[in-house]
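Peer 1: Sequence isn't available, so here's the structure alone:
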């Protein structure tokens with residue numbers, strides 16, 4: 001029986017042949033690329049198999065695969081699935097299965113696959129940082145992630161309906177295509193040779209010098225040849241440090257609640273297990289909702305308890321100032337020794353004010369004492385605490 005890594009190697013070999021035949025450039029990237037370089041294998045790591053390409057080459061590869069019309073293979077990304085969230089593209093095997101029973105996304109395909117990551121602009125030749133995920137695009141990415149949530153439990157029908165409306169309006173107004181185009185225009189590099197128009201580039205979550213991608217070398221990995229940067233020592237040193245050869249690439253633990261099968265396709269498994277999967281997700285949603293409710297109740301209890309403690313401090317300090325304010329007002333704040341003595345007496349009050357302000361709470365202090373505390377805080381250059389107390393004082397805590 002084949003392993004998941006066997007399937008990934010088959011896909012990687014097919015991918016490499018298509019790239020050679022069509023003059024498409026790529027490099028293996030990610031932790032598996034280090035494994036491939038150091039150990040000439042990816043079998044022992046159980047990691048994602050990823051390649052970095054220019055966006056234009058990714059588009060060409062996808063067009064080639066779709067034209068082949070091979071019923072055993074698929075490519076998937078935002079370009080053919082509006083609910084697909086990542087920026088990478090997957091090239092996968094339809095006759096296999098790899099998905100999480102609970103964290104089930106809206107992808108159309110759930111087979112064992114390899115990932116095609118676009119190489120993004122990061123820094124111009126003049127040293128200017130390229131801001132790809134600007135504020136608006138970042139917010140849109142968060143919106144897409146939020147609105148694409150799957151809700152299975154009928155108890156939360158209102159949430160399911162809400163997400164449905166959000167997605168319908170977003171797609172109907174062309175939001176998906178605008179988002180995809182903006183990601184490509186802001187960040188993507190169209191041609192492999194255009195990588196050298198930038199001093200630094202980014203893939204996955206790594207930023208490296210573009211010089212690494214000028215020349216490539218062929219490296220044997222589990223009996224097939226793949227591309228890596230020609231000066232791989234420099235490439236991996238920049239990413240992982242000079243001691244990259246000492247890194248131990250540990251196998252990734254098997255994912256809990258994941259279904260992985262190298263012989264049965266995901267369409268068959270999903271079809272046969274749909275009622276069970278629906279029940280699992282529905283139960284999980286109830287558990288999550290229950291945890292959030294308990295967490296909210298605990299937070300409420302903590303707030304009440306803090307309020308009780310703050311009220312106790314308020315009564316304690318009210319008596320303290322009633323007995324000592326006249327004496328405290330005789331201290332000269334400009335005299336260093338007297339200021340230190342005054343601060344020593346007021347420190348417990350100031351500490352309490354600071355502590356409760358972090359919970360969004362404060363307690364009233366009669367005007368003379370409050371003015372003295374504020375003058376001490378100003379002397380200590382703690383105007384921010386005064387501002388916080390004043391801001392909180394405007395809020396109401398009790399409703400009759």
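Peer 2: Alright, I've got the coordinates. Computed from a predicted model, the values in this text were never measured in an experiment.
Peer 1: Which strands and helices lie in contact with the helix ranked longest in the chain?
Peer 2: When the chain is parsed with DSSP state H, its longest helix is helix 266-328. Helices and strands touching helix 266-328, by 3 or more C-beta pairs under 8 Å, 6 or more residues apart in numbering; DSSP states H and E, are strand 97-100, helix 336-357, helix 367-379. Yep, even glycine has a C-beta here, placed from its N, CA and C like the rest.
Peer 1: With mean neighbour count added, can I get these in JSON lines?
Peer 2: Formatted as JSON lines, the helices and strands packed on helix 266-328 follow (neighbours: other C-beta atoms under 10 Å):
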{"stretch": "strand 97-100", "mean neighbour count": "19"}
{"stretch": "helix 336-357", "mean neighbour count": "15"}
{"stretch": "helix 367-379", "mean neighbour count": "16"}
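Peer 1: Of those, give the one that comes closest to residue 318.
Peer 2: Across those, residue 318 has its closest neighbour in helix 367-379 (8.9 Å, C-beta to C-beta).
Peer 1: what helix or strand does the most centrally placed residue in the chain sit in?
Peer 2: Nearest to the geometric centre of the chain sits residue 142, at 9.8 Å (C-alpha atoms, centre = their mean). Assigned by DSSP states H and E, residue 142 belongs to helix 135-147.
Peer 1: For residue 30, which non-adjacent residue is spatially closest?
Peer 2: Leaving out its chain neighbours, the residue that sits closest to residue 30 by C-beta to C-beta, 6 or more residues apart in numbering is residue 50, at 4.1 Å.
Peer 1: The one you found: how many residues sit nearby?
Peer 2: For residue 50, the neighbour count with other C-beta atoms under 10 Å is 19.
Peer 1: try residue 324
Peer 2: Using other C-beta under 10 Å, residue 324 is surrounded by 13 other residues.
Peer 1: Helix, strand, or coil at the residue nearest to residue 251 when sequence neighbours are not counted?
Peer 2: Among residues not flanking residue 251 along the chain, residue 46 sits closest, at 4.8 Å (C-beta to C-beta, 6+ apart). Three-state call for residue 46 (DSSP: H, G, I helix; E, B strand; the rest coil): coil.
Peer 1: need the contact list for residue 46.
Peer 2: By C-beta atoms under 8 Å, 6 or more residues apart in numbering, the residues touching residue 46 are 4-5, 251-252, 254.
Peer 1: wait, which of those is closest to residue 368?
Peer 2: Within the contacts of residue 46, the smallest distance to residue 368 is 65.1 Å, found for residue 252 (C-beta to C-beta).
Peer 1: average pLDDT for stretch 101-117?
Peer 2: Averaged across stretch 101-117, pLDDT comes to 88.
Peer 1: buried sites along it?
Peer 2: 101, 104, 107, 109-117 (16 or more other C-beta atoms under 10 Å).
Peer 1: Kindly report the same for stretch 2-11.
Peer 2: Neighbour-count burial for stretch 2-11 flags 4-5, 7-9, 11 (criterion: 16+ other C-beta under 10 Å).
Peer 1: before we move on, what about stretch 125-137?
Peer 2: For stretch 125-137, by 16+ other C-beta under 10 Å, it's 132, 137.
Peer 1: What's the end-to-end length of that stretch?
Peer 2: By C-alpha to C-alpha, to the nearest Å, the extent of stretch 125-137 from end to end equals 24 Å.
Peer 1: Stretch 115-128 too?
Peer 2: One end of stretch 115-128 sits 29 Å from the other (C-alpha to C-alpha).
Peer 1: quick one: low-confidence parts of the stretch 151-300 of the chain?
Peer 2: Applying pLDDT under 70 to the stretch 151-300 of the chain picks out residues 297.
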